[in-house]
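Chemist: take a look and give me a structure for this.
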Amino acid sequence: GLLYPLAVQFAYSSRGFLHNLEPSFVDFAGSGVVHALGGCAALVGAVAAGPRTGRFDPKTVADFSPHNVPQVLSGTMLLWV
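Modeler: Numbering: from 1, shown residues only. Down below sits the predicted model:
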């Protein structure tokens, strides 16, 4: 990955801008950088995917199936592996 080392450089390096703030950036066990980067990546993915057009329209609500078991299982396995 390319993004995580850049985010760590901003937070923990003596030349990083978060380190030079007053008061200085304090992160408990690195969780702030990890979660901020994950949240930004999720936001970019949501914007790229776009809205589910027609999902909440009363005329087309019956066209959407709420679950897809193979996709749910695939996502679960990706998270666990």
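Chemist: tally up the residues packed near Val72, please.
Modeler: 10 (other Cβ atoms under 10 Å). Backbone N, C-alpha and C define where each C-beta goes, glycine included.
Chemist: revised request: answer the last question for Ala11.
Modeler: For Ala11, the count of nearby residues is 19 (other Cβ under 10 Å).
Chemist: just Leu2 next, same as before
Modeler: 5.
Chemist: next: Val8.
Modeler: Using other Cβ under 10 Å, Val8 has 16 other residues around it.
Chemist: what about the helices in the chain?
Modeler: Counting by DSSP state H, the chain has these helices, from start to end: 3-12, 31-49, 69-80.
Chemist: report pLDDT for the most centrally placed residue in the chain.
Modeler: Residue closest to the mean C-alpha point of the chain, counted by Cα atoms, centre = their mean, is Ala42 at 2.9 Å. At Ala42, the model reports a pLDDT of 95.
Chemist: and if you look at Leu37?
Modeler: At Leu37, pLDDT is 90.
Chemist: Val81 too?
Modeler: Looking at Val81, its pLDDT is 84.
Chemist: any idea how far it is from Ser74?
Modeler: 11 Å (Cβ to Cβ, to the nearest Å).
Chemist: cool, Thr60 as well?
Modeler: 26 Å.
Chemist: likewise for Val61?
Modeler: In terms of Cβ to Cβ, Val61 sits 25 Å off from Ser74.
Chemist: next up, the contacts around the residue of the chain most remote from its centre.
Modeler: Here the chain reaches farthest from its C-alpha mean at Lys59, the gap being 32.2 Å by Cα atoms, centre = their mean. By Cβ atoms under 8 Å, 6 or more residues apart in numbering, Lys59 lies in contact with nothing.
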